[in-house]
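Student: Coordinates for the following, if possible.
(one chain, ligands or ions: 1)
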Amino acid sequence: MRINVHAGHNADGRIACGAIGFIRESTEARRVKDAVIGMLRQLGHTVYDCTVDYASGVNDNLRKIVALCNAHEVDLDVSIHLNSGANDTSGNGKTTGVEVYVYNPSSKAKACAERVCQAIARLGFRNRGVKCKGFYVLKNTKAPAMLVECCFVDDRDDVQLYDCQEMAEAIVFGITRVQITAEQPDADQEPVASEEETAVGDKDLKYQIRLGTYTVKKYAEAKLAEAKEKGLDAIMVKV
Ligand SMILES: [Zn+2]
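Tutor: Here you go, the predicted structure:
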């Protein structure tokens, strides 16, 4: 597939940046966007990053994004945002959740939008569903388009649950139906051997400690760096 992906709004700290709550929309949308683009490319798709970090205002930002999007022939336009307006600062134990917008009910992006919504809901976010709205980017982009409001920046429950990598994986799954999962190491899986057991070893038998298996190299590199930081003599191998 050929796909345009962009994070909404100007970058944080500038005019016309996104919503600010416990986390900042412009910053997180860019983190999710970068992870989504990395995974889509790793799966062999052609992806164009149409994010605009600086424009003179809201309308200029939208116009520039649409111009970048329409400069490419693509199958899908994906706009990544985080929502606000929940105003749940203390945390009521419930997320406000995810919603995905398409231009109208006959949008060719609708089925994809439903899958993205469901995939994000599976992470534990309330599914607010796919909605139709004439947002500027949805109306003016040539290809089928969807706008993902991942979760709410001003809901403590949403923010506690939010993980950039998981969010990106859910979006990629919605688009491609391919699940990319960075395995988490499970430290409690095996009991720790006693000194006696470890002392007697078989020379031909080697024991490998794995910290995880990743399909995206940069996540493997990040895990390797983390292990080294903890003083572990870890190496990365291709499997
Ligand atoms: Zn937004």
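
Student: per-domain residue ranges of the protein.
Tutor: 2-176, 182-239 (automatic domain parsing).

Student: Show me where the chain has its strands.
Tutor: 2-7, 46-49, 76-83, 98-102, 127-132, 145-152 (DSSP state E).

Student: and the first one, which strands flank it?
Tutor: Same thing as strand 2-7. When pairing is defined by DSSP bridges, strand 2-7 lines up against strand 46-49 (parallel), strand 76-83 (parallel).

Student: Of the ones you listed, flag the one that's most buried.
Tutor: strand 76-83 (a mean of 27; mean count of other CB atoms under 10 Å). (Glycine included, C-beta is placed from N, CA and C.)

Student: how far off strand 145-152 does it point, in degrees?
Tutor: With axes from the mean of the first three to the mean of the last three CA atoms, to 10 degrees as the basis, strand 76-83 and strand 145-152 are set at 20 degrees to each other.

Student: can you give me the offset of strand 76-83 from its chain's centre?
Tutor: The chain centre lies 10 Å from the centre of strand 76-83; the measure is CA atoms, centre = their mean, to the nearest Å.

Student: Just give the nearest non-adjacent residue to the residue nearest the centre of the chain, would you?
Tutor: Centroid-nearest residue in the chain, with CA atoms, centre = their mean: residue 168, separated by 1.9 Å. Spatially, and ignoring its direct neighbours in sequence, residue 168 is nearest to residue 35 (3.4 Å; CB to CB, 6 or more residues apart in numbering).

Student: Distance check, the one you found against the ion.
Tutor: From residue 35 over to the ion the distance is 18 Å, taken as CB to the ion, to the nearest Å.

Student: Up against the ion, what does this structure have?
Tutor: Applying CB under 5 Å from the ion, we find that the chain lies next to the ion at 8, 18, 81.

Student: Right, I'll leave it there.
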